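Colleague: here's my sequence, what's the structure:
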Amino acid sequence: MYTFKWLMCFSLFWITLTGTEAELSSDPLIVEIPNGKLRGKDIGHYFSYESIPYAEPPIGEHRFEAPQPYSHRFEGIFNATKPPVACLQWNQFGAKKLQGEEDCLTISIYKPKSKTRSSFPVVVLLHGGCFMFGGAALNGHKFIMQEGNLILVKISYRVGPLGFASTGDKDLPGNYGLKDQRLALQWIKQNIANFGGMSDNIVVLGHSAGGASAHLQLLHEDFSQLARAAISVSGNALDPWIFNQGHRGRAFELGRIVGCEQPKDSAELKNCLKSKPASEIVSAVQSFLIFSYVPFSPFGPVVEPEDAPDAFLTQDPVEVIKSGKFAQVPWAVTYTTEDGGYNAALLLEKNKTTGETWIETLNDRWFDWAPYLLFHRDPKKTIEDMDEISRNLRQQYLGDRRFSVESYWDVQRMFTDILFKNSVPSAIDLHRKHGKSPVYSFVYDNPAVTGVAQVLAKRSDVFFGTVHGDDFFLIFEFAPLGRRIRPDEKVISRKLIKMLEDFALSDKGALTFGDCVFQNNVNSKEYQVLRITENGCKNEQFDQFP
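Modeller: As a prediction, the model looks like this:
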């Protein structure tokens, strides 16, 4: 009798236990990955699973080191309902410049609700911010989730000096932020199916520094095992602001600023920097700015030495592409007609000390500031070389006119060409000569009512045209703008999101926008560019890039 009662009790316990597990397994908010179970959040028309760690916290001895995979088992059910925090940064936008936390290496996943399908193609977002700031939470996902056909994954990665300080040798090689991205992409490939994502239908998308990051990730041959395609919006690896050639001097100057005195070598410098408060290291960014947020990328990607452990990049991107040893996946590279408005617009802000605009001050400071504004300081060895480039650029775009509000549009055109546009045909040329996979390009020409230029210039009386982000923010709304989109922009937004979905699903790597089919630049003598405007889209061909 006792044995029977014991068996009955055990059976009831087992039924309760298995019933609980069955209930958990059928709960869409509960997802199991190798680290254990995690619980997401029901937002209404989609589910969110936020702040999932993919790497060990990059703190203490892990600071200034390549990321290590997160290998711990969750205690109980992991709470994946907390919004992602930004990595510690000196932010360009907002009154509070020091933002974020050092422990920040997480992934956030957003999945549509659907009664008709259980799996979705995947878009992975690499956020922008000049490699200095930005974060997953700043780029909203409302538009994508409203369409309900894509799983979106946002990656948080180290930025600024914590992500990119480098002495150019094996002791402090740099590129930690890019290594974070790569580890995160590997995590996504291995785990996204558990969330209903199609692991063979992943598109990596980035804007500005995120666009350059997507291009840099593609320069790894095995990127083809992680994603089906990539899109670089208004930023690619050949832009002049991407690579910091003066990185060693800046790293040692960073050490001096935070009190590392005179370390004898890079190893000693790194050990000292590891001992300093992270907030002091990041706050030191302001010492590298000559005015406002110029230069906008004092810390960024570098070419690492061959003997660097866990090196991300040991050759210049041009040389990598020429070698043909990069991922053969479809790639799209884009720009807006006035991309440089992001950088030039801050010149229209008034200097609080003198009362004149920065663009007027430029008349007296052009030779001092131009190398920082247009990133020809580090590549040149002498002041004479820098001055010659500065002089030629001023003559080419302004002639004998002075810098002023009246000549602003030509200054903005200079910034657009040098910082964003000229690299596009260069990248297309290299990829179509040394690659086999499709290369697409589009230009966006449809000004927003409010964009980053108005925010940075702190004025609305100037027409800036189609500036940096006017297209991208129709996919991912940008919180600091508080922007409402027009009816024509809503149509474009839906078409851009459908473009991403179809790109992820296409077996042949085809890319479409509405009724327009992108033309492949590979095996084409002319540049093939799709122009997107308020009235629709149109394929254009050019012997010389427009």
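Colleague: need the per-residue pLDDT for S11.
Modeller: What the model reports as pLDDT for S11 is 41.
Colleague: W6 now?
Modeller: Predicted confidence (pLDDT) for W6: 43.
Colleague: what's the answer for S287, then?
Modeller: Looking at S287, its pLDDT stands at 97.
Colleague: separation between it and K115?
Modeller: Counting by CB to CB, to the nearest Å, the separation of S287 from K115 is 56 Å. In short, each C-beta sits where N, CA and C put it, glycine included.
Colleague: which one of the two has more residues nearby?
Modeller: Under the criterion of other CB atoms under 10 Å, the comparison of S287 against K115 puts S287 first, with 12 against 5.
Colleague: mind saving the C-alpha coords of the top strand by length along the chain as CSV?
Modeller: In the chain, with assignment by DSSP state E, the single longest strand is strand 197-207. Once non-C-alpha atoms are left out, strand 197-207 reads as follows in CSV (Å, rounded to 0.1, in the frame of the first residue of the first chain):
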residue,chain,number,x,y,z
GLY,A,197,14.3,33.2,-37.5
MET,A,198,15.4,31.7,-40.8
SER,A,199,19.1,31.2,-40.2
ASP,A,200,19.8,30.9,-43.9
ASN,A,201,18.0,34.1,-44.8
ILE,A,202,19.8,36.8,-42.9
VAL,A,203,20.6,40.3,-44.2
VAL,A,204,23.1,42.5,-42.4
LEU,A,205,22.2,46.2,-42.6
GLY,A,206,24.0,49.3,-41.3
HIS,A,207,23.9,53.0,-41.6
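Colleague: next SSE after it?
Modeller: Towards the C-terminus, the helix or strand next in line after strand 197-207, according to DSSP states H and E, is helix 209-218.
Colleague: check which helices and strands that next one is in contact with.
Modeller: Secondary structure elements in contact with helix 209-218, counted by 3 or more CB pairs under 8 Å, 6 or more residues apart in numbering; DSSP states H and E, are strand 120-126, helix 176-191, strand 197-207, strand 229-233, strand 331-336.
Colleague: quick one: end-to-end length of stretch 534-546, please.
Modeller: End-to-end distance of stretch 534-546: 19 Å, with CA to CA, to the nearest Å as the criterion.
Colleague: what comes up buried for it?
Modeller: Using 16 or more other CB atoms under 10 Å as the burial criterion, the residues of stretch 534-546 that qualify are C537.
Colleague: chain center to it, what's the gap?
Modeller: Relative to its chain's centre, stretch 534-546 lies at 26 Å (CA atoms, centre = their mean, to the nearest Å).
Colleague: same thing with stretch 300-309?
Modeller: Distance of stretch 300-309 from the chain centroid (CA atoms, centre = their mean) equals 20 Å.
Colleague: hmm, who's touching it?
Modeller: In this structure, residues lying in contact with stretch 300-309 by CB atoms under 8 Å, 6 or more residues apart in numbering are 66, 130-132, 164, 166, 168-170, 173-175, 178, 209, 212, 216, 241-244, 247, 311-316.
Colleague: among these, name the buried ones.
Modeller: Among the contacts of stretch 300-309, the ones that count as buried by 16+ other CB under 10 Å are 66, 130-132, 164, 166, 168-169, 173-175, 178, 209, 212, 216, 241-244, 247, 311-313.
Colleague: what angle separates the longest strand of the chain from strand 331-336?
Modeller: With axes from the mean of the first three to the mean of the last three CA atoms, to 10 degrees defining the directions, strand 197-207 sits at 40 degrees from strand 331-336.
Colleague: which residues are in contact with V522?
Modeller: Taking CB under 8 Å, 6+ apart, one finds 431-432, 435-439 in contact with V522.
Colleague: counting neighbours, which of those residues comes out on top?
Modeller: In terms of neighbour count, P438 stands highest of these at 24 neighbours, by other CB under 10 Å.
Colleague: still on that earlier bit, filter the buried ones among the contacts of stretch 300-309 down to the ones in helices?
Modeller: Among the buried ones among the contacts of stretch 300-309, the subset assigned to helices under DSSP state H consists of 164, 178, 209, 212, 216, 247.
Colleague: just the pLDDT for the nearest residue to the fifth one once chain neighbours are set aside.
Modeller: Which is L216. In space, not counting the residues next to it along the chain, L216 is nearest to A237; the distance is 5.1 Å by CB to CB, 6 or more residues apart in numbering. Confidence at A237, expressed as pLDDT, is 98.
Colleague: again with S25
Modeller: Here the pLDDT value assigned to S25 is 51.
Colleague: before we move on, back to that, and of the ones in helices among the buried ones among the contacts of stretch 300-309, the nearest to W358?
Modeller: A209 (22.9 Å; CB to CB).
Colleague: quick one: residues contacting the closest one.
Modeller: 127-132, 134, 235, 242, 297, 300.
Colleague: can I get the helices and strands packed on helix 209-218 in JSON lines with distance to V282 and mean pLDDT?
Modeller: Below are the helices and strands packed on helix 209-218 laid out as JSON lines (distance: least, CB to CB, whole Å; pLDDT from 0 to 100):
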{"stretch": "strand 120-126", "distance to V282": "20", "mean pLDDT": "98"}
{"stretch": "helix 176-191", "distance to V282": "13", "mean pLDDT": "98"}
{"stretch": "strand 197-207", "distance to V282": "22", "mean pLDDT": "98"}
{"stretch": "strand 229-233", "distance to V282": "27", "mean pLDDT": "98"}
{"stretch": "strand 331-336", "distance to V282": "30", "mean pLDDT": "98"}
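Colleague: this completes my enquiry, with thanks.
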